[in-house]
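Q: okay, predicted coordinates and the sequence, questions at the end:
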Amino acid sequence: MGASGRRDRDRLIAGLLLAVLLLAVLFLVGLTLTGCGSGSEPKGAATATPTVTPSATPTSALTPVPRPSRSPITRPSPEPTFGWTVRTVSARTLGKSWHRGCPVPPSALRSVSVRFWGFDRKPHTGVLILNRDVVSRTRAVFAVMFDRKFPLRGIRPVSEFGASDDASMAADNTSAFNCRRAVAAGPPSWSRHAYGRAIDVNPVENPYLFGRRVLPPAGAKFTDRGTAERGLIRRQDPIHQAFLKAGYRWGGDFSNPDYQHFDR
């Protein structure tokens, strides 16, 4: 082959190599453009900053949800219980309700602190002066009163009324010991109260019908024993039966009915 033929051959080979090189470049450019079209942004392009709208309501992950408040547990108040506390007494304790010449000495008497229900439907504590021989049996009677919520106006020693039976009755006071004479026809004699062996219960609601007199006078409206007033004692009712069971007799059976009076 002459020099001219070799030159032509070299040109042909160079042209082929150039064509192959151009095809390779075009192929690579095509691959790059395909990658950009799949979501890639071209270098240098402006990137938009996403706008985040804050939530109007805080999420539970950021703000703890408060637990519902629990109402305090309300427990019912315990039911009041009956009380009966016994103590000794002295002449000084008894005040004017005792004096020298009384049929029993202070040593034969006891002061009893007793729980009872008042007309206000609430429990109260009073003091009853009794002969020591009847303390235990009388407890059973007042326990029945308390269990049945039988109302008493008050229980106070007669000494708080200057030993005046009239004043104690007018106050509708339930009482026992008082060294005095009996309010009855016939010659003077010691009342059973002078021994601490008699109890007057709610004198106004349970008056003493002494002849044409009503003692206390405020009890006149309760002379009809068929009424259903609170605090009245009637034959064969639970209070009457409790006294009889304890060995007491009832003044309501006397010829001059004394509905407040029980003695033994």
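A: Cool, got the structure.
Q: any regions of the chain where pLDDT drops low?
A: 1-10, 12-16, 18-66, 68-69, 71-72 (pLDDT under 70).
Q: just give me the residue closest to the centre of it.
A: S77 (2.6 Å; Cα atoms, centre = their mean).
Q: how much space between that residue and P123?
A: 11 Å (Cβ to Cβ, to the nearest Å). From N, CA and C alone the C-beta is placed, and that goes for glycine too.
Q: likewise for Q241?
A: Applying Cβ to Cβ to Q241 and P123 gives a distance of 23 Å.
Q: which one's more surrounded, the two?
A: P123 (16 against 13; other Cβ atoms under 10 Å).
Q: I'd like the distance between the more buried one and P80.
A: When P123 is compared with P80 (using Cβ to Cβ), they lie 4 Å apart.
Q: likewise Q241?
A: 23 Å.
Q: Y248 now?
A: From Y248 to P80 the distance is 25 Å (Cβ to Cβ).
Q: again with N173
A: From N173 over to P80 (counting by Cβ to Cβ), the distance is 21 Å.
Q: counting neighbours, go ahead and name the busier of the two.
A: N173 (24 against 13).
Q: rewinding a little: the residue nearest to the centre of the chain: which element?
A: Counting by DSSP states H and E, there is no helix or strand that carries S77.
Q: just want the phi and psi numbers for it.
A: phi -70, psi 140 (degrees, to the nearest 10).
Q: repeat that for the one 4 residues further on.
A: Summarising the backbone geometry of T81 under the convention degrees, to the nearest 10, its torsions are phi -110, psi 160.
Q: my guess is it contacts A143. True?
A: No. At 10.3 Å, T81 does not count as touching A143 under the criterion of Cβ atoms under 8 Å.
Q: neighbour count for the two, which is higher?
A: A143 (16 against 8).
Q: who are the contact partners of the more buried one?
A: A143 is in contact with 82, 84, counting by Cβ atoms under 8 Å, 6 or more residues apart in numbering.
Q: am I right that it falls within a helix?
A: Yes. With DSSP: H, G, I helix; E, B strand; the rest coil as the criterion, A143 is assigned to a helix.
Q: can you tell me how far it is from R87?
A: A143 is 18 Å from R87, by Cβ to Cβ.
Q: wait, a helix at V114?
A: No. According to three-state DSSP, V114 belongs to no helix; its state is strand.
Q: quick one: residues contacting it.
A: V114 neighbours (Cβ under 8 Å, 6+ apart): 83-85, 125-128, 142, 155.
Q: so what's it bridging to?
A: In this structure, V114 bridges to W84, G126 when assessed by DSSP bridges.
Q: from K96, how far off is it?
A: As judged by Cβ to Cβ, V114 and K96 stand 22 Å apart.
Q: same check, this time on S136
A: Distance from S136 to K96, by Cβ to Cβ: 28 Å.
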